[in-house]
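J.: Sequence isn't available, so here's the structure alone:
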């Protein structure tokens, strides 16, 4: 791989201009006092001096609302028109390592089995990911015990490491190498630059080392489906669903058909297992009638069912669910309670 490069912070705009020559560029843009990944437009200023976006960047690949196809009817036939695929090359700049790792988990899910989600996979295939390492993880972050790192490269093509007045750019994949070779004015990193980045990585990881213990969690949950513990854990939850809607690894969606006299369209929208209607059957029976069963499903899916299918927890420790929960329900406390029983 190409030797690590140096990007001076005052040349960030020049770097984006280089990327924009052949790609759409999406980056964290501040909107209504929070950051969101959006395509850059003329006059918008980007700043990488942020902690994380409120909503995960998965919405770039799995939009909150997405038209799957439209159709028109006449007397003889139904004419179906599929939604256009993602053809343009894109670059997402500034994703945190936890969110990049979450995309890897989504890739496994949407590409597994006999039926692939081509709308999602086409967007992923045509998008390069440039990450931004976390020098100062938040108090709600817990990526390290779940197998991630604030300086992790999983799911990334390039990784920017903030070393004061400049970024050290680490090349991770062949796609990243192709991108970086086109920015010919970047300088090679020095040994001193590498040492600074190494020190910041060690400091960031040390801050997370005692965040959580998850060793044996999957196996422990195998025998806990009927445990009395669930009667206690769920009581705080108000069922608002914010934990799922802000989660970078949740994949639940509903499918709606919107019809007109001459046709219509099929739309998928985000949904959550935390809502009562999610599992309600046409007969009126609901296998998860209370928040107890719904809370159990969320925890079991992330830390037992998903690991059985894909050999990894379906949680990357981004901490969004902790930050946004209106009743301060902390998933780390839930895991700690489970581990203690």
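T.: Thanks, I have the structure now. Everything quoted here is computed from the prediction, not taken from an experiment.
J.: and after whatever helix or strand residue 91 lives in, which helix or strand comes next?
T.: Assigned by DSSP states H and E, residue 91 belongs to strand 90-95. Where DSSP H and E defines the elements, the next helix or strand beyond strand 90-95 is helix 97-110.
J.: List the buried residues for that next one?
T.: 97-107, 109-110 (16 or more other Cβ atoms under 10 Å). For every residue, glycine as well, the C-beta is placed using N, CA and C.
J.: How about stretch 112-122?
T.: Within stretch 112-122, the residues scored as buried using 16+ other Cβ under 10 Å are 117, 119-121.
J.: from the residues you listed, which two are the most distant?
T.: Spatially, the most separated pair among the buried residues of stretch 112-122 is 119 and 121, at 7.5 Å (Cβ to Cβ).
J.: where's the spatially most central residue of the chain relative to residue 96, distance?
T.: The chain has residue 248 as the residue nearest its centroid, 3.2 Å off, counting by Cα atoms, centre = their mean. Separation of residue 248 from residue 96 (Cβ to Cβ, to the nearest Å): 9 Å.
J.: overlap in contacts of those two?
T.: Shared contacts of residue 248 and residue 96, defined by Cβ atoms under 8 Å, 6 or more residues apart in numbering, comprise residue 318.
J.: What count of nearby residues applies to residue 26?
T.: Residue neighbour count, defined by other Cβ atoms under 10 Å, stands at 21 for residue 26.
J.: How about residue 2?
T.: When counting by other Cβ under 10 Å, one arrives at 16 neighbours for residue 2.
J.: surely it meets residue 175?
T.: No: if you go by Cβ atoms under 8 Å, residue 2 and residue 175 don't touch, sitting 12.0 Å apart.
J.: Next, residue 288: secondary structure please.
T.: Using DSSP: H, G, I helix; E, B strand; the rest coil, the structure places residue 288 in coil.
J.: In this model residue 279 seems to touch it, though I could be wrong.
T.: Yes: between residue 288 and residue 279 there is a contact at 4.8 Å, judged by Cβ under 8 Å.
J.: So for these two, which residue has more residues nearby?
T.: residue 288 (18 against 15).
J.: For the stretch 51-200 of the chain, which segments count as helices?
T.: In the stretch 51-200 of the chain, the helices defined using DSSP state H, counting those that start in this stretch lie at 97-110, 118-125, 174-181, 191-206.
J.: can you pull the contacts of residue 7?
T.: Going by Cβ under 8 Å, 6+ apart, residue 7 touches 15, 160, 166-167, 169, 186.
J.: The helix or strand bottoming out on mean pLDDT in the chain pairs with which strands?
T.: When each helix and strand of the chain is scored by mean pLDDT, DSSP states H and E, strand 78-82 comes last, with a mean of 82. Strand 78-82 has the following sheet partners, assigned by DSSP bridges: strand 65-73 (antiparallel).
J.: Quick one, which of the helices of the stretch 51-200 of the chain gets closest to residue 142.
T.: Comparing those against residue 142 with Cβ to Cβ, the closest turns out to be helix 97-110 (9.4 Å).
J.: Which strands and helices lie in contact with the closest one?
T.: If you count contacts as 3 or more Cβ pairs under 8 Å, 6 or more residues apart in numbering; DSSP states H and E, helix 97-110 packs onto helix 118-125, strand 127-132, helix 306-310.
J.: So, low pLDDT: which residues of the stretch 51-200 of the chain?
T.: Where the stretch 51-200 of the chain drops to pLDDT under 70, the residues are 75.
J.: please redo it, this time with the cut-off set to 80
T.: 74-78, 84-87 (pLDDT under 80).
J.: just to revisit the earlier point, now do the strand holding residue 91 against helix 174-181: the angle between them, please.
T.: Put simply, strand 90-95 runs at 90 degrees to helix 174-181, going by axes from the mean of the first three to the mean of the last three Cα atoms, to 10 degrees.
J.: Could you give the backbone dihedrals for residue 27?
T.: Main-chain torsions, residue 27, degrees, to the nearest 10: phi -150, psi 170.
J.: Number the residues from 22 up from this point.
T.: Yep, numbering from 22; the last one is residue 48 now.
J.: partners of it in the sheet?
T.: Residue 48 has these beta-bridge partners by DSSP bridges: residue 59.
J.: buried residues in stretch 243-263?
T.: Buried, per 16+ other Cβ under 10 Å, within stretch 243-263: 245, 251, 254-255, 258, 262-263.
J.: Who are the contact partners of residue 255?
T.: Neighbour list for residue 255: 311-313, 315-317 [criterion: Cβ under 8 Å, 6+ apart].
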